[in-house]
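>>> Here is the input, now give the coordinates:
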Amino acid sequence: MNGLNGSFPFPGLCELKKLQELDIRYNSFQGTLPPCLNNLTSLRILDLHDNLFSGSIPRNSIPSPNFLQYMDISGNDFEGSFSFSSIFNHSKLEVVILGSTENKLQIDNENQARNPLFQLKALLLSNCNMKTAPNFLLNQHRLREVDLSHNKLNGVFPSWLLQNNSDLKFLNVRNNSFTGRFDLPLHPMNRMVYIDVSCNHLEGQLPKDLGMKLSNLEFLNFSKNYFEGELPPSTGGMRKLQRLDLSFNNFSGQVPKELAAYCTSLDILVLSNNKFHGEIFSSNFNWSIRPEELKLGNNQFTGSLTANKDFYSALRVFDIRNNMMAGKIPSGMADIKVLFTRNNYFEGQFPCNEHFRSAIIDFSHNFLSGPLPSCFDMYGIQQIHLQGNNFTGSIPNSLLKSTTLSVLNLRDNSLSGEIPALIGALPDLRILLLGNNRLSGLIPRQLCQLIEISILDLSNNSFSGSIPSCLSNITFGTTNNLYYSFNIAPEPSFAQYDMDQADKEDENLLRSHSTYTSLKGIMLSEIVEVVIDFVTKSSLLSYKGDVLNYMSGLDLSCNNLTGKIPQNLGKLFSIRALNLSHNHLIGSIPISFSNLAKLESLDLSYNSLSGKIPPEIVNLNFLEVFSVAHNNL
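Numbers count the residues shown, from 1 in each chain. Below is the predicted model of the structure:
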């Protein structure tokens with residue numbers, strides 16, 4: 001990214017008759033494309049990528065057809081329509097890259113009466129509002145890169161693109177509405193290295209010869225379609241494969257052993273949200289791959305985890321949530337940064353024979369027992385989820401010494417004792433869930449130091465004494481972004497990758513435009529999505545994603561709290577759910593509650609409150625649930 005700006009063209013630019021390359025990408029130039037660009041009769045390369053150009057793209061602003069080979073005007077604010085017929089006479093044209101940052105540009109796909117004079121090597125039309133692919137594509141036979149992603153394309157998947165272009169290396173049709181099957185041509189696609197057909201409506205089974213036809217493939221994303229059936233064993237033939245995402249389909253059966261045994265270059269394997277079954281870590285399943293990210297969640301896998309510590313050596317993200325796996329948690333997983341095992345049948349004590357250096361750890365809803373683990377690296381951990389197990393004993397101080405912890409979820413266990421005073425030493429804590437345990441004693445005033453808290457759940461315990469009025473110090477605002485991300489060395493773009501192998505004739509084609517992200521970047525946001533259970537509006541609801549970011553609440557219900565409700569709780573201006581029910585509270589409902597402008601649920605039932613209900617509460621416009629049953633009002 002450069003810092004150049006101002007209007008375009010520069011004085012005298014259009015007089016440079018012998019100019020061969022105009023490259024001003026990654027700047028902040030603005031204005032419309034001037035007609036005088038047509039005067040640049042020697043221009044071979046025009047690269048205006050990622051500026052602030054706007055308006056339409058006039059036909060007469062395209063440089064002369066004499067020599068133009070490369071045209072990239074993407075990443076600007078162009079609007080209106082663009083017709084390819086305006087460049088049909090550019091016989092030397094090899095690369096065309098269009099697209100608008102605001103998705104305002106539309107490709108005109110009128111019925112051309114003639115074919116263009118060019119044979120393109122790369123056509124990138126992401127975010128161009130297309131409903132049908134350009135007709136002239138049917139007559140292109142030298143394409144190496146095609147990007148039609150993020151459009152409105154429908155109809156049957158264009159398998160003819162593969163059939164007509166045997167040298168195709170890169171195909172991205174992500175986020176369209178293509179239907180039908182994913183069919184391969186009769187000939188092998190030996191040069192193909194990248195395919196992304198995710199987020200469409202493709203269906204049926206994968207070709208049995210998938211791995212044989214695509215033996216040099218490195219990136220493959222079939223996610224978010226309607227594919228079904230078993231994976232063909234030929235997938236093991238894609239031995240250069242680095243990224244494979246098959247998530248959110250209807251695949252079934254067992255994962256082919258060939259995939260794990262022979263695809264030894266795999267860095268990322270995503271099989272989540274399908275119907276796979278079987279003991280994927282059994283002794284019969286030879287895992288030769290050592291992936292960085294392995295996502296198997298939301299399937300029907302059984303059996304236990306492998307005890308082979310070497311298997312976990314490279315893993316940074318491991319997701320096996322929502323399966324039917326059982327047994328004990330093996331050693332060897334201490335260096336995994338993101339670890340999800342929730343909703344399985346794991347049992348026994350947590351393996352604290354090693355120091356866990358995870359950032360997010362989720363063992364919720366299993367059958368783990370014994371004391372809470374005290375072997376986490378609290379200087380880097382961000383989220384701890386141990387809900388719904390059989391942990392006993394007190395909350396160890398070792399869990400409360402972190403400047404990075406944002407979520408501590410210990411709900412639904414059998415923990416006892418008091419909340420340690422050290423709880424106030426968690427400055428970044430946003431969500432604290434201790435509900436449904438056997439905790440007792442007073443609610444510590446140190447909780448009031450956690451001013452960033454958005455959700456606090458102490459319900460269904462045996463806390464006594466009064467409600468600390470200093471709880472009004474807590475903002476109970478939004479949780480902000482609880483997604484976790486970490487730095488992985490970025491994969492080179494396809495173009496950069498290919499440059500190393502390119503023939504001299506590809507010099508113009510393979511410029512280092514960074515249009516493409518690896519599958520790694522596509523997957524991470526789904527891996528680390530936080531799920532929080534919290535009672536609001538009289539129901540236990542699960543919150544995640546944007547809804548969780550919006551949620552805030554305080555639940556002190558089902559305890560032995562006494563005394564009056566502090567007037568200061570009326571200062572919780574951003575809170576959306578407040579539950580003080582099933583206690584022994586006395587006095588009146590604070591008039592200050594009329595200040596809780598964002599409140600959606602207020603439950604004060606099953607107490608000993610008296611007096612009148614403040615009429616001002618009816619002015620709370622967002623209040624949907626208001627319960628004061630079983631009081632003396």
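
>>> and Glu347, how many neighbours?
Neighbourhood size, Glu347 [other C-beta atoms under 10 Å]: 15. (Glycine included, C-beta is placed from N, CA and C.)

>>> got it, and the one 3 residues further on?
A count of neighbours around Phe350, defined by other C-beta under 10 Å, yields 23.

>>> looking at it, it is touching Ile329, isn't it?
Yes: assessed by C-beta atoms under 8 Å, Phe350 is found in contact with Ile329 at 6.6 Å.

>>> overlap in contacts of these two?
Residues touching both Phe350 and Ile329 by C-beta atoms under 8 Å, 6 or more residues apart in numbering: 363, 368.

>>> how about Leu148, what does it touch?
By C-beta under 8 Å, 6+ apart, the residues touching Leu148 are 125-126, 130, 133, 172-173, 176.

>>> try 10 Å
By C-beta atoms under 10 Å, 6 or more residues apart in numbering, Leu148 lies in contact with 107, 123-126, 128, 130, 133-134, 137, 158, 161, 171-176, 178.

>>> what about the helices in the stretch 501-633 of the chain?
Per DSSP state H, counting those that start in this stretch, the stretch 501-633 of the chain carries helices over the ranges 519-527, 545-550.

>>> what's the least confident stretch among these?
The minimum mean pLDDT among the helices of the stretch 501-633 of the chain belongs to helix 519-527 (a mean of 42).

>>> So, low pLDDT: which residues of this protein?
For the chain, the stretches flagged by pLDDT under 70 are 1-4, 6, 110-113, 478-529.

>>> switch to 80 and redo it
For the chain, the stretches with pLDDT under 80 are 1-11, 100-103, 108-114, 284, 477-530, 532, 534-550.

>>> what about stretch 349-357, how long is it end to end?
Stretch 349-357 has an end-to-end distance of 18 Å (criterion: C-alpha to C-alpha, to the nearest Å).

>>> Which residue ranges of the stretch 101-250 of the chain form helices?
With helices called from DSSP H, counting those that start in this stretch, the stretch 101-250 of the chain shows them at 160-164, 210-213.

>>> so which of these is the most packed in?
Ranked by mean neighbour count, the helices of the stretch 101-250 of the chain are led by helix 210-213 with a mean of 21 (mean count of other C-beta atoms under 10 Å).

>>> which residues are contacting it?
By C-beta under 10 Å, 6+ apart, the residues outside helix 210-213 that reach it are 162, 182, 184-190, 192, 207, 217, 220, 222, 231-239, 241, 256, 258-259, 262-263.

>>> taking these one by one, which sit in strands?
Using DSSP state E, the members of the contacts of helix 210-213 that fall in strands are Leu220.

>>> who's in contact with Asp533?
Taking C-beta under 10 Å, 6+ apart, we find Asp533 in contact with 364-365, 387-388, 409, 411-412, 433, 435-436, 457, 540-543.

>>> Please list only the buried members of these.
Among the contacts of Asp533, the ones that count as buried by 16 or more other C-beta atoms under 10 Å are 364-365, 387-388, 409, 411-412, 433, 435-436, 457, 543.

>>> Dig out what Arg243 forms beta bridges with.
Judged by DSSP bridges, the bridge partners of Arg243 are Phe219, Ile268.

>>> Surely Met324 touches Asn299?
Yes: between Met324 and Asn299 there is a contact under C-beta atoms under 10 Å: 8.9 Å.

>>> what's the closest non-adjacent residue to Ser56?
Leaving aside its sequence neighbours, Ser56 sits nearest to Gly80 (C-beta to C-beta, 6 or more residues apart in numbering; 3.8 Å).

>>> So what pairs up with that neighbour in the strands?
Applying DSSP bridges, one finds that Gly80 bridges with Leu105.

>>> Just give me the neighbour total for Gly31.
14.

>>> Contacts only, for it.
Taking C-beta under 10 Å, 6+ apart as the criterion, Gly31 is in contact with 6-9, 51-55.

>>> can we see that at 6 Å?
By C-beta atoms under 6 Å, 6 or more residues apart in numbering, the contact set of Gly31 is 7-8.

>>> Next, give phi and psi for it.
In terms of degrees, to the nearest 10, the main-chain angles of Gly31 are phi 110, psi -170.

>>> Please tell me how far it sits from Gln387.
56 Å (C-beta to C-beta, to the nearest Å).

>>> for Asn76, same thing?
Asn76 is 48 Å from Gln387, where distance means C-beta to C-beta.

>>> Just the buried positions in stretch 64-76, please.
Under 16+ other C-beta under 10 Å, the buried positions of stretch 64-76 are 64-65, 67-76.

>>> and of these, the nearest to Leu315?
Distances from Leu315 to these, taken as C-beta to C-beta, are shortest for Gly75 (35.5 Å).

>>> Verify the contact between Val628 and Asp603 for me.
No: here Val628 does not reach Asp603: they are 8.4 Å apart, not a contact under C-beta atoms under 6 Å.

>>> ok, these two, which is more surrounded?
Using other C-beta under 10 Å as the criterion, Val628 and Asp603 rank with Asp603 on top: 22 against 17.

>>> That one and Ile617, how far apart?
Distance from Asp603 to Ile617, counting by C-beta to C-beta: 13 Å.

>>> residues contacting Leu33?
If you count contacts by C-beta under 6 Å, 6+ apart, Leu33 has them with 57, 61.

>>> Quickly find the element holding it.
When secondary structure is defined by DSSP states H and E, Leu33 falls outside every helix and strand.

>>> okay, now Phe285: neighbour count?
Phe285 has 18 nearby residues by other C-beta under 10 Å.

>>> quick one: it and Ser56, what's the gap?
Between Phe285 and Ser56 the computed distance is 58 Å (C-beta to C-beta).

>>> same check, this time on Leu471
58 Å.
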